[in-house]
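Asker: Sequence and predicted model, in that order:
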Amino acid sequence: MRPRTLRARLVAGMLVLLALACAGVGAATSIMLERFMVDRIDQQLSTIGGRFAASLEHRDEYGEDGDTRGQSPGTLGVRLVNGGVTDAAVVSPAVPDPVLSAADRSALAALPTDGRPRTLRLSSLHHYRVTAVGGDDGDVLITGLPLEGIESTVHRLQFAEVAVFAAVMLVTGVAAALWVRLSLRPLQRVAATAREVARLPLADGEVALPGRVPDEDPRTEIGQVGEAFNRMLGHVGDALARRHASEQRMRTFAADASHELRTPLATVRAHVQLARREAGDLASRSPHTRAPAMSPGPSPKESPGPAASVESAGAVPESVRHALERIDAESARMGKLVDDLLLLTRLDAGRPLARDEVDLTRVAIDATGDARVSAPDHRWRLELPEEPVTMTGDADRLYQVVANLLGNASAHTPPGTTVTVGVAAPSSDTVELTVADDGPGIPGEIQDEIFERFVRADKARSRASGGSGLGLAIVKAVAAAHGGTVGVESRPGRTVFRVVFPRR
């Protein structure tokens, strides 16, 4: 139950200190009042002496109560002879002679006869302040005054102090809470600014940091915190600005490079296809070509005809044809890489996607059908609900998500692996796409970074062909552009990619 906030701790500490101070003041005043009143009684006992106790021996002269003249009500007189109590009386018409127990008599007999006041508790009379002096005929005269009035007065004072101190603590607590709250207002502004910064998406993109906290007196602790916090915000803002500028330069470079590479790649592929087509045409025509009729005895200076040219050219060598095929394949692969980079650049830049009504079940069926054709050595399964699952999004990009996940499963799992594509609607606001396989799984050390760009799981999954490492990055980017999330759960024999989209 200890207070946790600084304000509560300050108020609680102030109240504790005030309570200790009040307790100290109350104890001091009670002790001082009691000591003062006891001193007054001691003075009164010194004035009385043993006169009242001595008069008890002559009751026939002064009466049953002895000589009570000038005695305060409640005055006790006791006369001892040879250690035994012979007479005892109290100055009060309502109180008869006290009944002293054996313990009381022993305590009275043990009092030294030096005349010094002492406090004594009697069973029937409570606390008394008593003095003992020696008499003229060898007896001991004891005189006492009651302390009941002092105790009552001290108790009333203590009750009054408790009430007053409670009221003071209540008022002080309210005032202290208001004062501490006012004093900590600059610190609250620092905390509010920190919370506002914590809510900002600092991971990427341009970030506008909130305004600085008001400058405070640097001679105070809160002022020093505010000054340091403002300096920190300045450093963070500069770092974020530099990072954003660097990201913008990288995105611009990627976009420009992708655009610039697409044209020469298209030209290279066109020339390769033209060369392959021309070579094929030449090879198909050469066996049926006939030379035109020639006159006998041709001149040695005449050039050979077209037939001789074709025959000299002949068919394209196998090594050249293989080189052309590799150039065409690598150009196609590089073109796909350029297209992927351009798509990621557009998604990073926040380009808006289409917002159409998309049947996710139909997208899953089409993508699975295409995967079955491209990878017939895998087993492909669909787990779809009875009713279509629709959402708002970009149909082409959603198809690319499913196709990339299926291509990843077919490329990184051995033949015979079963790949299951599922679509579900776990709630009225979300839809879920899952792609599961029973392959060897993804190593745990790269599962956290599997959706980053150019990350491959080569060490754990065999693959027949290389990939760019951008497929899953595109899946993550497209899912984020739709306001969704993507995750993976993998162990040997079971890997599940799960993509969750909002319906709208």
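Answerer: Arrived safely, thanks for sending.

Asker: Got the domain ranges for this structure?
Answerer: Per the record's domain assignment (automatic domain parsing), the chain is made up of the domains 1-48+148-183, 50-146, 201-286+307-351, 353-502.

Asker: and Val190, which of those is closest to it?
Answerer: domain 201-286+307-351 (5.1 Å; Cβ to Cβ). For every residue, glycine as well, the C-beta is placed using N, CA and C.

Asker: Start and end of the closest one, how far apart?
Answerer: 18 Å (Cα to Cα, to the nearest Å).

Asker: which helices and strands does the helix or strand containing Gln188 pack with?
Answerer: Counting by DSSP states H and E, the element that carries Gln188 is helix 185-199. Helices and strands touching helix 185-199, by 3 or more Cβ pairs under 8 Å, 6 or more residues apart in numbering; DSSP states H and E, are helix 221-285.

Asker: where do the strands sit along the stretch 351-500 of the chain?
Answerer: 356-359, 379-383, 390-393, 418-424, 430-437, 485-491, 494-502 (DSSP state E, counting those that start in this stretch).

Asker: What average pLDDT does the longest one get?
Answerer: Going back to what we said before, that points to strand 494-502. When the per-residue pLDDT values of strand 494-502 are averaged, the result is 93.

Asker: just to revisit the earlier point, which of the strands of the stretch 351-500 of the chain sits most buried?
Answerer: The highest mean neighbour count among those, using mean count of other Cβ atoms under 10 Å, belongs to strand 430-437: a mean of 21.

Asker: Using CSV, write out the CA atom coordinates for that strand.
Answerer: As requested, C-alpha coordinates have been extracted for strand 430-437 and formatted as CSV (Å, rounded to 0.1, in the frame of the first residue of the first chain):
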residue,chain,number,x,y,z
THR,A,430,-11.0,-9.2,-39.6
VAL,A,431,-10.2,-11.8,-42.1
GLU,A,432,-7.3,-14.3,-41.9
LEU,A,433,-5.2,-16.0,-44.5
THR,A,434,-2.9,-18.9,-43.6
VAL,A,435,-0.4,-20.9,-45.6
ALA,A,436,0.9,-24.0,-43.8
ASP,A,437,3.3,-26.7,-44.9
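
Asker: Can you list the strands that it pairs with?
Answerer: Strand partners for strand 430-437, identified by DSSP bridges, are recorded as strand 418-424 (antiparallel), strand 494-502 (antiparallel).

Asker: Strand 379-383 and the first one, what's the angle between them?
Answerer: It refers to strand 418-424. Here strand 418-424 runs at an angle of 20 degrees relative to strand 379-383 (axes from the mean of the first three to the mean of the last three Cα atoms, to 10 degrees).

Asker: Gly471: neighbouring residues, count only.
Answerer: 20 (other Cβ atoms under 10 Å).

Asker: do Ala479 as well
Answerer: Under the neighbour criterion other Cβ under 10 Å, Ala479 is assigned a count of 22.

Asker: Name the nearest residue to it, ignoring sequence neighbours.
Answerer: Once flanking residues are discounted, Ala479 sits nearest to Val486: 4.6 Å by Cβ to Cβ, 6 or more residues apart in numbering.

Asker: how near is that neighbour to Arg498?
Answerer: Distance of Val486 to Arg498, given as Cβ to Cβ, to the nearest Å: 7 Å.

Asker: Equivalent analysis for Asp370, please.
Answerer: 21 Å.

Asker: show me the contacts for the residue nearest to Ala479.
Answerer: Counting by Cβ atoms under 8 Å, 6 or more residues apart in numbering, Val486 makes contact with Phe451, Val475, Lys476, Ala479, Phe497, Arg498, Val499, Val500.

Asker: Helices of the stretch 351-500 of the chain, start to end?
Answerer: Read by DSSP state H, counting those that start in this stretch, the stretch 351-500 of the chain holds these helices, from start to end of the chain: 360-374, 395-411, 471-481.

Asker: Tabulate these (TSV), appending distance to Arg118.
Answerer: What follows is these, written out as TSV (distance: least, Cβ to Cβ, whole Å):
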stretch	distance to Arg118
helix 360-374	100
helix 395-411	99
helix 471-481	91
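
Asker: Compare those helices and give me the one nearest Val162.
Answerer: Each of those was scored for nearness to Val162 using Cβ to Cβ, and the closest is helix 471-481 (65.7 Å).

Asker: Can you list the buried residues in the closest one?
Answerer: Of the residues in helix 471-481, those buried under the neighbour-count criterion (16 or more other Cβ atoms under 10 Å) are Gly471, Leu472, Ala473, Ile474, Val475, Lys476, Ala477, Val478, Ala479, Ala481.

Asker: Just the angle for it relative to strand 485-491, thanks.
Answerer: When the same axes, to 10 degrees is applied, the directions of helix 471-481 and strand 485-491 differ by 140 degrees.

Asker: What is helix 471-481 packed up against?
Answerer: For helix 471-481, where contacts count as 3+ Cβ pairs under 8 Å, 6+ apart, the packed elements are helix 318-348, helix 395-411, strand 485-491, strand 494-502.

Asker: ok, of these, where does mean pLDDT dip lowest?
Answerer: Averaging pLDDT over each of the helices and strands packed on helix 471-481 puts helix 318-348 lowest, since it has a mean of 73.

Asker: From the chain's centroid, how far away is that helix?
Answerer: 47 Å (Cα atoms, centre = their mean, to the nearest Å).

Asker: ditto for stretch 379-386
Answerer: Mean-position distance between stretch 379-386 and its chain equals 41 Å (Cα atoms, centre = their mean).

Asker: Now do Val421 against Arg372, distance only.
Answerer: Computed with Cβ to Cβ, the distance linking Val421 and Arg372 is 11 Å.

Asker: what sits in contact with each of those two?
Answerer: Shared between the contact lists of Val421 and Arg372 (criterion: Cβ under 8 Å, 6+ apart) are residues Trp380.

Asker: and the residue nearest to Ala479, what are its bridge partners?
Answerer: Under DSSP bridges, the beta-bridge partners of Val486 are Val499.

Asker: Tell me who's in contact with the nearest residue to Tyr399 once chain neighbours are set aside.
Answerer: The shortest distance from Tyr399 to any residue that is not its chain neighbour, by Cβ to Cβ, 6+ apart, is 5.2 Å, and that residue is Val363. For Val363, the contacting residues are Ala395, Leu398, Tyr399, Val402, by Cβ under 8 Å, 6+ apart.
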